[in-house]
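> need a 3D model of the sequence below.
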Amino acid sequence: MKVLLYEQGKKALKKSGIGRALQHQKKALELQGVQTTFDPRDTYDFVHINSTFKQSAKFMHSLQARGIPVLVHGHSTEEDFRNSFRAWERIEPWFDRNLKRIYGSADIIVTPTNYSKRLIENYPYVRCPVRALSNGIDLEKYAPNPDAVREYLDYFKLKPQQKVVIGIGLPFERKGLIDFIDVARKMPDITFIWFGHLARFATARKILRAIAKKPSNVVLPGYISGAVIRGALQRADAMLFPSYEETEGIVVLEALASRLPLIIRDIPVYEDWLQAGVNCFKGVNNEDFTRIIYSIYEQDLTSMVEAGYQVAKARSLDIIGKGLLEIYQETIAITKQKKEYR
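Model (predicted):
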């Protein structure tokens, strides 16, 4: 089998979680001996669509007409589009139409968590099976790496004992960047670094105002990949990810895989796989987050980060690859059945 991993707008989405999910799919499948391609002009036996734009739906329809098995990845929901880009309210009807166009005609949808599965299944236009499978995590990539830690420390000119809390994500209101900045304002003795970039024209005005008024202990380096961010994940004191809505949150898995103490908002997406006080910390407001951050310097978190690592390990790419193949086989059976009814 050769699989086309299709993502319309791949360049624009490269720095997002969807872009990382695409790379995870490639490695997960290759670990199972499956060939992959990103080029629609190539030959392939199966198509895994990762975008929800109008052109993606047209491509899906053409594949269905030709009897080629095609799966749609439910990275996006109506809920996680809100409070994202500037003027998202004006764009939302267009976004919802795109979801309806592709999810409403899909033969099968795979989405990262049971939470996002429930959301998508409850859209009135979805009539196909929806399966939950994590985006997975490349454990090797986040293994201890002293060189990466040195690059991180050098890049930010950090002192050996400097306290640092990091966050990662596009600068959306939904991701909790405003809360991240507000928490940092209450904790001037700690450096807060948020990794993530979005073009100014697409950034919500609330976010731009928050950035303009940020305290001096907040560092916003933009999008950084490679050793520097991996070093941050391994050397920082904690990750604060106060997102209000996620379908999974690949950065959460990155923190767990790096054995970095994780602080998240107590929202439904995490309720069946992340447990407060066992493998992470959970808060509901900035007062909680402030209290939790101070507390991490006063306790031994060895057992918590190890429990968190086990959560990541259960989502390693070799396991995800096997899960993808099972869903692919189900998709192939659906396509075959549709052919027989024609």
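> in stretch 153-173, what's buried?
Neighbour counts using 16 or more other CB atoms under 10 Å place 153, 156, 158, 163-173 of stretch 153-173 among the buried residues. C-beta: built from backbone N, CA, C; applies to glycine.
> just the residues you listed now: which is nearest Arg41?
Closest approach between the buried residues of stretch 153-173 and Arg41, by CB to CB: Leu170, at 30.2 Å.
> doesn't Asp147 make contact with Arg235?
No. Taking CB atoms under 8 Å as the definition, Arg235 is not a contact partner of Asp147, at 11.8 Å.
> who has more neighbours out of the two?
Remark: of Arg235 and Asp147, Arg235 carries more neighbours, 20 against 10, as counted by other CB atoms under 10 Å.
> what sits closest to that one if chain neighbours are left out?
Once flanking residues are discounted, Arg235 sits nearest to Val149: 4.7 Å by CB to CB, 6 or more residues apart in numbering.
> one more: His61?
Nearest in space to His61, with sequence neighbours left out and distances taken as CB to CB, 6+ apart, is Ser105 at 6.6 Å.
> for that neighbour, give me its contacts.
Applying CB atoms under 8 Å, 6 or more residues apart in numbering to Ser105 gives the contacts 57, 60-61, 64.
> just checking, which of those belong to strands?
Of those, none are assigned to strands by DSSP state E.
> helix, strand, or coil at the residue nearest to Arg235?
Secondary structure assignment for Val149 (DSSP: H, G, I helix; E, B strand; the rest coil): helix.
> show me where the stretch 51-200 of the chain has helices.
54-66, 78-81, 88-103, 114-121, 146-156, 177-186 (DSSP state H, counting those that start in this stretch).
> can you add mean pLDDT and distance to Glu140 and give those helices back as TSV?
Formatted as TSV, the helices of the stretch 51-200 of the chain follow (pLDDT from 0 to 100; distance: least, CB to CB, whole Å):
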stretch	mean pLDDT	distance to Glu140
helix 54-66	95	31
helix 78-81	67	29
helix 88-103	75	33
helix 114-121	96	26
helix 146-156	97	13
helix 177-186	98	29
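> which of those helices sits most buried?
Of these, the one with the most neighbours on average (mean count of other CB atoms under 10 Å) is helix 177-186, at a mean of 22.
> of the contacts of Ser105, closest to Leu253?
Using CB to CB, Met60 is the member of the contacts of Ser105 that lies nearest Leu253, at 27.6 Å.
> where's that closest one relative to Ile68, distance?
According to CB to CB, to the nearest Å, Met60 stands 10 Å off from Ile68.
> who touches both of those two?
Val47.
> for Thr335, which non-adjacent residue is closest in space?
Spatial nearest neighbour of Thr335, excluding adjacent residues (CB to CB, 6+ apart): Pro69 at 4.3 Å.
> tell me the contacts of that neighbour?
45-47, 63, 107, 328, 331-332, 334-335.
> mark which of those residues are buried, thanks.
Judged by 16+ other CB under 10 Å, buried ones among these: 46-47, 63, 107, 328, 331-332, 334-335.
> need those residues in TSV (columns: secondary structure and distance to Ser76).
Listed next are the buried ones among the contacts of Pro69 as TSV, based on DSSP: H, G, I helix; E, B strand; the rest coil; distance: CB to CB, whole Å:
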residue	secondary structure	distance to Ser76
Phe46	strand	21
Val47	strand	18
Leu63	helix	20
Asp107	coil	18
Tyr328	helix	21
Thr331	helix	19
Ile332	helix	25
Ile334	helix	22
Thr335	helix	24
